[in-house]
Every structure is written in C-alpha cells, then in structure tokens.
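below are the sequence and a predicted model for it; my questions follow.
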Amino acid sequence: MMKTLAVSILVGCMAITSSVNAANVLFLAGKHSHAKGQHDFHAGCDLLSETLKKSGFQTKVIYDKWPEASAFKGVDAVVIYCDGAKYHIILGHEKELQALSDSGIGIMCMHYAVEGNPGILNDTLLNVIGGYYLRGKSKNPTWTIKDMQIAKHPTGNGVKPFSMLDEWYYNLVFENAVPIMTGTPPRAKGKRHTLAWVYTSPKGTRGAGFTGGHYHKNWYNTNNSKLILNMIAWVAGAKIPADGIESVPTIPLDNETILEAAALGDSADLKKHIELGGDANTCDRQGWRPIHHAAAHNEIECAEILLKNGARVDFCTKSQRSALHYAAYRNFAPMVSLLLKNGASVDRCDNYGRTALHYAAKKNGAECVKLLLESGAKKDIKDYDGKTALDYAVEQENKKVAALLK
C-alpha cells in the first residue's frame, strides 16, 4: 500500500511504520444489540475515532454494514467493533477482508467481533488477526480482572495495569499471536489467559484483537483506552510515543449512582452518568428508578434527560407505583404534564388499587386532576377500599376538585 510519508522498515519484520499524524483509520461499527451502555458500538467507535483525531490521525466511522470498496482507499487500518458469529459485519465478505490484509491494511477486532463462525470466517480471522473466539471452547464470563499484566511492547507504552469489570473472553484459538494483556479468570483454575494480542501475518501485515469492550463506560478508563488506542496505532503502522497515544479523558462524577443524581436534581451529573453508559432504567431493591426520583422531587430537567435517553415512563416500583403516581401524589402539575405527554398510563393502579387521579384528588391537586382528566383518566375507578377519586375530594372538603370529578 502506498504511503504518503517517509517510512522505515522495522528490524525483523515487514511492517511499515508511519508518523502518528499520517495514519488513516476506518472504524466499522455494528448495530447496538444490548441494553443501554452495552455493545454500544456506534458510541464506542465515535469516541475512539474522535480521540485519535487529537493525536493527528485521520479517521472515519461507517455504521451497520460492510462498506463499498472505495471506503478502504488510503486506509492504513480497519477496526471492527460489532456483534460476531452469524451477526458479524464481515460475514460474506471474508475474501475482501483477507484481500485488505494481504494488501497491507492492518485489521483489529474488538469484543464480540473476535467471534467468528465455523469455516471461512474463523479461518479468515485467524489469518488476519491471529485468533478468534470458538464457541464451545472459549469462555465469555463477566468478571473483574485483578492481576493484569501488560507486555513490554509498543502497545503498552504509558499503560499501567488496571482492575476493571468487563465481559473478558478467554481460552481463544490463537496462531502466532503475541499476548499484550493477560489475566487470570476466576474459574480458570489459576491459569493466566490472553485477553488482548497483536499479530503479524506471513505477509507482514499487522493485526490485533481485544476481548473486552462490553461496557461503554470502560472506554473512559484512561489506561484501558490508552491500550486500545496504542493497539490501533500499532496496527495502522503509526509510531507510538513513549507515553502512549492520548487517552479518552475521564469524566468525573459528583454522585455515586445515576439514581442519586436524579434524586438530587443534578442534571449535569446525570448527563455524565448517561454519557458513561449509565442505564436510565436501573433500579434499587425497592424498584425505584431514576424517573421515579425525578418525578417525586419535581426535577423536570432530569426527567426530560431521562426520557430522552430511554427511560420507560410506566415502569413501577415494588408498590406498583409509576412516576405519574408520585408526581400526582406530591401535586407536581408540571411533572404530571410532562409524563402524560410522554405516554404515561393514566389509569395504572398501584398495590392499593389507586390511580394517579386518586392521589391528585386526595392531595387537593386541582391542576393535576384537570390534566389527568384531560388525558382520559377514568373517574369511576374504585381502589381496594372501595373509594373513587371523588370520594377522596369530598373527604378533603375540596369543592373545586370535587366539582371537576362530578
């Protein structure tokens, strides 16, 4: 492959090394296939791509498909981050991937993308990156690596061993792969396994594989991202500085959990949690989710952020109360309005048989009652005590609310 920069031939191999600001990297990002913050291939490739640009790399991300041949023109490395096996982006394009490698373009696969299919796909992965995950032999538990070792190799420049929870694959099939990161899985009977590796093909082209990458938030671990960026740079034939490629910057958090950020109305920190892959629908032992906390505290901005990022408006706590119940109970009309506009079920009953209308009437929330009625709330639903919303309004001697409910 033609290079536009001066090149130097490395002693003992045919790999071409170019200066950092010349390497051209193409990312192939697969479809998001798991829960929020997991297998978020688009966001991961975008983040790594933008970080590499800060070090002078030219980068491009192509989503959800194998690109046209023209997309590979002038590319030094292709990074593939997608679902594997029968969902693999390169399935049906194995010969094209092999041809890219044969032409001198480096190939790197990350996480699920290291898993192929029996036959030509597995053979191609072995040829271009030096290894693959073999179903039935390889393992994919989620575990925290605690005894990481990083090899003395340019890809380890500036990287310090770290502890991190991920879905670390191990016991893969390798051929002439050079271990870069190793660790001991909990059920591996004390045996150390390769979790990241590099490879040089018989034709001198570089390849690499990384088994982590399940959780998007892990890219913000500076040592983890530095290792991966170093590996991409190495595969692209770029020179790696002694302190490594610039890492993805960390995002400091003010609250330990996304639940706390929502409860405290810390919208800025809530955005950080979501950017780090925080699940907008996570819950505590009582079933409380961020949207419940936002609704119960009338934190409109937090609720809007959560709903925009996939919060399910009708998820209930263990008491079967939705966010709408809490907003109505506390007479927060703006919150009731927001939740209704986002599809909240107006007649959902809690474990007392009460709807949001019952609570709005009980708490003398005339504006909330009006909003609920305008959204079709049924007036005649009786709770387990046999009372309607009107009964509660009468008990509270609130004529205005009672009039609305007659």
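Done, it's in. Everything quoted here is computed from the prediction, not taken from an experiment.

list of residues touching the lengthiest strand in the chain?
Across the chain, the strand with the greatest residue count (assigned by DSSP state E) is strand 193-200. Contact with strand 193-200 is made by 13-15, 129-131, 145, 153, 155, 168-172, 174, 176-185, 206-212, 227, 231, 234-235, as judged by Cβ atoms under 8 Å, 6 or more residues apart in numbering. All C-beta atoms are positioned from the backbone trio N, CA, C, and that covers glycine.

tell me which of the residues you listed fall in helices.
Among the contacts of strand 193-200, the ones falling in helices (DSSP state H) are 129, 227, 231, 234-235.

looking at those residues, which is nearest A344?
Among those, L227 lies closest to A344 (Cβ to Cβ), at 44.5 Å.

if we ignore the residues flanking it in sequence, what's nearest the closest one?
Ranked by Cβ to Cβ, 6 or more residues apart in numbering and with sequence neighbours excluded, the top spatial neighbour of L227 is V159, at 4.7 Å.

do you know how far the one you found is from V78?
Note on V159: its distance to V78, by Cβ to Cβ, to the nearest Å, is 23 Å.

please name the residues that touch the closest residue to E94 other than its chain neighbours.
With Cβ to Cβ, 6+ apart as the criterion, E94 has its nearest non-adjacent residue at 4.2 Å, and that residue is T124. Listed by Cβ under 8 Å, 6+ apart, the contact partners of T124 are 90, 94-95, 97-98, 116.

T124 belongs to a strand?
No: read with DSSP: H, G, I helix; E, B strand; the rest coil, T124 is helix and lies in no strand.

so what's the closest residue to G278 other than its chain neighbours up against?
In this structure, G278 finds its nearest non-sequential neighbour in I258, 4.2 Å apart by Cβ to Cβ, 6+ apart. The contact partners of I258, by Cβ under 8 Å, 6+ apart, come to 270, 273-274, 278-280, 282, 290.

okay, and which of these map to helices?
Going by DSSP H, the helices hold 270, 273-274, 290 from the contacts of I258.

Throw these into CSV and include distance to K73, pLDDT and neighbour count, thanks.
As requested, the ones in helices among the contacts of I258 are arranged in CSV below (distance: Cβ to Cβ, whole Å; pLDDT from 0 to 100; neighbours: other Cβ atoms under 10 Å):
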residue, distance to K73, pLDDT, neighbour count
L270, 42, 96, 29
H273, 40, 91, 29
I274, 37, 89, 22
P290, 45, 97, 32
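
and these, which is closest to L357?
Distances from L357 to those, taken by Cβ to Cβ, are shortest for P290, at 24.4 Å.

so what's the closest one up against?
The neighbourhood of P290, defined by Cβ under 8 Å, 6+ apart, consists of 258-259, 261-262, 270, 280-282, 302, 306, 311.

what's the neighbour count on the nearest residue to K54 once chain neighbours are set aside?
The spatially closest residue to K54, leaving aside those adjacent along the chain, is E246, at 5.5 Å (Cβ to Cβ, 6+ apart). By other Cβ atoms under 10 Å, 18 other residues sit near E246.

list the residues that contact L100.
Taking Cβ under 8 Å, 6+ apart, we find L100 in contact with 72, 78, 107, 128.

mind telling me what element it is part of?
Secondary structure assigned from DSSP states H and E places L100 in helix 94-102.

following that helix, which helix or strand comes up?
strand 106-110.

so A360, which of the three states?
Remark: A360 carries the secondary structure label helix [criterion: three-state DSSP].

okay, now the unreliable bits of this structure?
Where the chain drops to pLDDT under 70, the residues are 1-22.

filter the contacts of T124 down to the buried ones, ChimeraX style.
Listed next is the ChimeraX selection for buried residues among those, using 16 or more other Cβ atoms under 10 Å:
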select :90,94,97,98,116
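
and of the contacts of T124, the nearest to G44?
The shortest separation between G44 and any of the contacts of T124 is 17.6 Å, and it belongs to I90 (by Cβ to Cβ).

what's the burial count for the closest residue to T388 other than its chain neighbours?
If you skip the residues right next to it in sequence, T388 has K382 as its closest partner in space, 5.6 Å away by Cβ to Cβ, 6+ apart. One way to gauge burial is a neighbour count; for K382, by other Cβ under 10 Å, it gives 13.

same check, this time on R285
Other residues lying near R285 total 6 when counted by other Cβ under 10 Å.

how about the strands in this protein?
Under the criterion DSSP E, the chain carries strands at the ranges 8-9, 16-17, 24-29, 58-63, 77-81, 106-110, 131-132, 142-145, 149-150, 164-167, 173-174, 178-183, 193-200, 206-210.

surely Y170 touches P185?
Yes: contact criterion Cβ atoms under 8 Å: Y170 and P185 qualify, at 5.3 Å.

can you give me the distance of the residue nearest to G278 to T142?
From I258 over to T142 the distance is 19 Å, taken as Cβ to Cβ.

just K379 next, same as before
Counting by Cβ to Cβ, the gap between K379 and T142 amounts to 49 Å.

neighbour count for the two, which is higher?
A count of neighbours by other Cβ under 10 Å puts K379 above the other of K379 and T142, at 16 against 10.

dump the residue contacts of that one.
By Cβ under 8 Å, 6+ apart, the contact list for K379 reads 357, 373, 388-390, 405.

apart from its chain neighbours, what residue comes closest to E175?
For E175, the closest residue by Cβ to Cβ, 6+ apart turns out to be L126, at 5.4 Å.

give me the number of residues near that neighbour?
For L126, which is what you asked about, the neighbour count (other Cβ under 10 Å) is 19.
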